[in-house]
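K.L.:
with the sequence up front, the predicted model follows.
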Amino acid sequence: MRIAHLILIGTASLTLQGCLAKTAFNVATAPVRIVSKGVDLATTSQSEADEKRGREVRKREERVGKLDRRYEKQRKDCLDGERSACDDARRTYEEMQVLVRSLPSESGDGED
């Protein structure tokens, strides 16, 4: 009985040493992990920034497409003699030009 008791105590002490070492390691590295997580949350990676820029560009392109369709309809109405459509077409065209200037150029610089 005494031998079994000694073996149990020996095994428990070895196991506890591993647990204590792991706990000490976790406590020692906790500040580094916390700061690292904070930096990750506070900064935007390049790929995230690129994705955001891409979404913004697509939204502007969609808006230009809608304005272009509206402009063509207003221009047609203007040609049919509807005076207010001429003014509307002019304003729509101006809005389209502002958006087009903010879009990246498609000069064939090798990027797809």
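P.N.:
Sure thing, it's come through.

K.L.:
low-confidence ranges, the protein, go.
P.N.:
1, 5-6, 8-21, 24-25, 106-112 (pLDDT under 70).

K.L.:
got the domain boundaries for it?
P.N.:
Per automatic domain parsing, the structural domains of the chain span 1-41, 48-103.

K.L.:
turn those domains into JSON lines, columns for mean neighbour count.
P.N.:
C-betas here are computed from N, CA, C, even on glycine. Output for those, formatted as JSON lines (neighbours: other Cβ atoms under 10 Å):
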{"stretch": "domain 1-41", "mean neighbour count": "9"}
{"stretch": "domain 48-103", "mean neighbour count": "13"}
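
K.L.:
how much space between the residue nearest the centre of the chain and residue 55?
P.N.:
The residue lying closest to the centre of the chain (Cα atoms, centre = their mean) is residue 48, at 4.0 Å. As for residue 48, its distance to residue 55 is 11 Å (criterion: Cβ to Cβ, to the nearest Å).

K.L.:
now residue 75
P.N.:
For residue 75, the distance to residue 55 - Cβ to Cβ - is 30 Å.

K.L.:
and what of residue 104?
P.N.:
Per Cβ to Cβ, residue 104 is found 13 Å from residue 55.

K.L.:
so what's the residue nearest to residue 75 when sequence neighbours are not counted up against?
P.N.:
For residue 75, ignoring the flanking residues on the chain, the nearest one in space by Cβ to Cβ, 6 or more residues apart in numbering is residue 89 at 4.8 Å. Going by Cβ atoms under 8 Å, 6 or more residues apart in numbering, residue 89 touches 71, 74, 75, 77, 78.

K.L.:
in which helix or strand does the last one reside?
P.N.:
Spelled out, that is residue 78. According to DSSP states H and E, residue 78 maps onto helix 46-79.

K.L.:
for that helix, packing partners?
P.N.:
In terms of contacts (3 or more Cβ pairs under 8 Å, 6 or more residues apart in numbering; DSSP states H and E), helix 46-79 is packed against helix 83-102.
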